[in-house]
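Enquirer: here is my input; please provide its structure:
(one chain, ligands or ions: 1)
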Amino acid sequence: MTADIAFTRLPHPASTAAEVRAAVLADPGFGKTFTDHMVTIDWSEAAGWHNPTVMPYGPIALDPAAAVLHYAQEIFEGLKAYRFNDGGTALFRPEANARRFNASAARLAMPEMPEALFVEAIRQLVAADHDWFPTVDGGSLYLRPFMIATEAFLGVRPAKQYKFIVIASPAGNYFKSGAPAVSIWVSDYTRAAPGGTGAAKCGGNYAASLVPTAEAFARGHDQVLFLDAAEHRWIEELGGMNLFFVFANGSILTPPLGGTILPGITRDSLLQLAREEGLTVREERYSIDQWRADAASGALLEAFACGTAAVVTPVGKVADPDGEFIVGSGGPGQLTGKLKDRLVAIQRGTAPDPHGWVMRLD
Ligand SMILES: *Cc1c(COP(=O)(O)O)cnc(C)c1O
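Expert: So this is what the prediction gives:
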């Protein structure tokens, strides 16, 4: 399907020394070290997508008038490659990332990319940097495809030149504390409004979440929770993770997609796994007041956040200006752990993959 895409390969002339790499791979952290290579593909009106290249990782030259630097035409994706016990490598649902990338591109007036080209770019990078898989438990190779508007033009309109890049970073555990459950702060700020860019994975959404997140940190919390823009009442998501709620009556709830929530691939996968566990799955609105009441009455047993980087993270405590409350035991819940284990086992190839979510690379 993708055999015809010819990538130029420019191997690194002086790749990272083996002992330096080994030290990184034993304790990679998250997002702070990058592999030896990157992939770039250019787009212009005349040529479309062209010049796919695997090259040494390094700085890129940008015209100071490049549109991305002024009007933030930028989108990204995040997915992980895993090394299986048999030594082979695999991606988890990369076509879903490709589809979402194109949905983000459409919202930001950027060119869409053939799904096969998106996936092939990732394959090429993983092949070039196959020695960069962490050796720690729970490690993976985090892949960050993104696209920027490179045209030098200060007029306000969609740019006519873009660059697509994939970089890779060995990843250990996302939360530095390794805390069993996180504490979240309910923000007064809004992440996304109806008609806005909340469903697009764009850097601008993250820029706008930094002040609310800093406020959460300053108050001693780990993450920020955003409510809806109109009524400031309905739970939407965290700055970069979707939310789930587990009830004593055997149901599980997550807020419905609808333009203001990022359609997480982890979210979608967990909805499927929850159905298979026999839970009643509800994609319904849920208010912060109801959450507080259900936590107090015992109707709500567990809550967790999910996303590619941290996979599944229990929520133990919630705070807003009215006070704080504990969720369930305040620690990791039973079903949270079960769903996480099921998902991770599929992702890492230690359980069967009945949904065809895993793409073996070699
Ligand atoms: C990427 C992202 C998520 C999680 O999506 P996954 O596909 O599960 O990684 C959730 N919320 C926001 C705002 C995101 O950017």
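
Enquirer: can you point me to the longest helix in this protein?
Expert: Scanning the chain for the helix with the most residues, using DSSP state H, yields helix 203-218.

Enquirer: any residues touching that helix, and which ones?
Expert: For helix 203-218, the surrounding residues in contact (CB atoms under 8 Å, 6 or more residues apart in numbering) are 72, 74-76, 184-185, 187-189, 191-192, 197-198, 222-224, 226, 239-240, 262. For the C-beta atoms, the positions are set from N, CA and C on the backbone; glycine is no exception.

Enquirer: swap in 10 Å and give it another go.
Expert: Outside helix 203-218, the residues within contact range by CB atoms under 10 Å, 6 or more residues apart in numbering are 68, 71-76, 108, 146, 148, 183-192, 196-199, 221-226, 238-240, 262, 319.

Enquirer: now the helix or strand containing residue 336: buried residues?
Expert: Here residue 336, judged by DSSP states H and E, is contained in helix 334-347. Buried residues in helix 334-347, counted by 16 or more other CB atoms under 10 Å: 335-336, 339-340, 342-343, 346-347.

Enquirer: hmm, which two among the residues you listed are most spread apart?
Expert: Largest separation among these by CB to CB: 335 and 347, giving 18.4 Å.

Enquirer: residue ranges with poor pLDDT in this structure?
Expert: Applying pLDDT under 70 to the chain flags residues 1-4, 174-179.

Enquirer: can you list the residues of it near the ligand?
Expert: Contacts of the chain with the ligand, taken as CB under 6 Å from any ligand atom, map to 78, 201, 237, 240-242, 262, 264-267, 307-308.

Enquirer: could I get those residues as JSON lines with secondary structure?
Expert: As requested, those are exported to JSON lines (DSSP: H, G, I helix; E, B strand; the rest coil):
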{"residue": "78", "secondary structure": "coil"}
{"residue": "201", "secondary structure": "coil"}
{"residue": "237", "secondary structure": "strand"}
{"residue": "240", "secondary structure": "coil"}
{"residue": "241", "secondary structure": "coil"}
{"residue": "242", "secondary structure": "strand"}
{"residue": "262", "secondary structure": "coil"}
{"residue": "264", "secondary structure": "coil"}
{"residue": "265", "secondary structure": "helix"}
{"residue": "266", "secondary structure": "helix"}
{"residue": "267", "secondary structure": "helix"}
{"residue": "307", "secondary structure": "strand"}
{"residue": "308", "secondary structure": "coil"}
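
Enquirer: now those in JSON lines, with neighbour count?
Expert: JSON lines is the format used below for the residues of the chain next to the ligand (neighbours: other CB atoms under 10 Å):
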{"residue": "78", "neighbour count": "17"}
{"residue": "201", "neighbour count": "25"}
{"residue": "237", "neighbour count": "25"}
{"residue": "240", "neighbour count": "22"}
{"residue": "241", "neighbour count": "27"}
{"residue": "242", "neighbour count": "24"}
{"residue": "262", "neighbour count": "25"}
{"residue": "264", "neighbour count": "24"}
{"residue": "265", "neighbour count": "24"}
{"residue": "266", "neighbour count": "23"}
{"residue": "267", "neighbour count": "22"}
{"residue": "307", "neighbour count": "21"}
{"residue": "308", "neighbour count": "23"}
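
Enquirer: list just the nearest of those to residue 137.
Expert: residue 308 (17.8 Å).

Enquirer: please report phi then psi for that closest one.
Expert: Dihedral pair for residue 308: phi -60, psi -50, per degrees, to the nearest 10.

Enquirer: from memory it sits against residue 262, does it?
Expert: No: Residue 308 lies out of contact with residue 262 (CB atoms under 10 Å); the separation is 11.1 Å.

Enquirer: find residues that contact each of those two.
Expert: 240-241.

Enquirer: please identify the helix or strand for residue 185.
Expert: Counting by DSSP H and E, residue 185 is part of strand 182-186.

Enquirer: oh, I was asking about residue 304
Expert: Element membership for residue 304 (DSSP H and E) is strand 300-307.

Enquirer: which residues sit in contact with residue 77?
Expert: 94, 96-98, 100-101, 104, 118, 122, 143-147, 166, 201, 265, 308.

Enquirer: repeat the analysis, applying 6 Å as the threshold.
Expert: Counting by CB atoms under 6 Å, 6 or more residues apart in numbering, residue 77 makes contact with 97, 101, 145.

Enquirer: which one of those is nearest residue 288?
Expert: Nearest to residue 288, judged by CB to CB, of the contacts of residue 77 is residue 97 at 30.6 Å.

Enquirer: residues of the helix or strand containing that closest one that come out buried?
Expert: Assigned by DSSP H and E, residue 97 belongs to helix 94-107. Along helix 94-107, these residues count as buried under the neighbour rule (16+ other CB under 10 Å): 94-105, 107.
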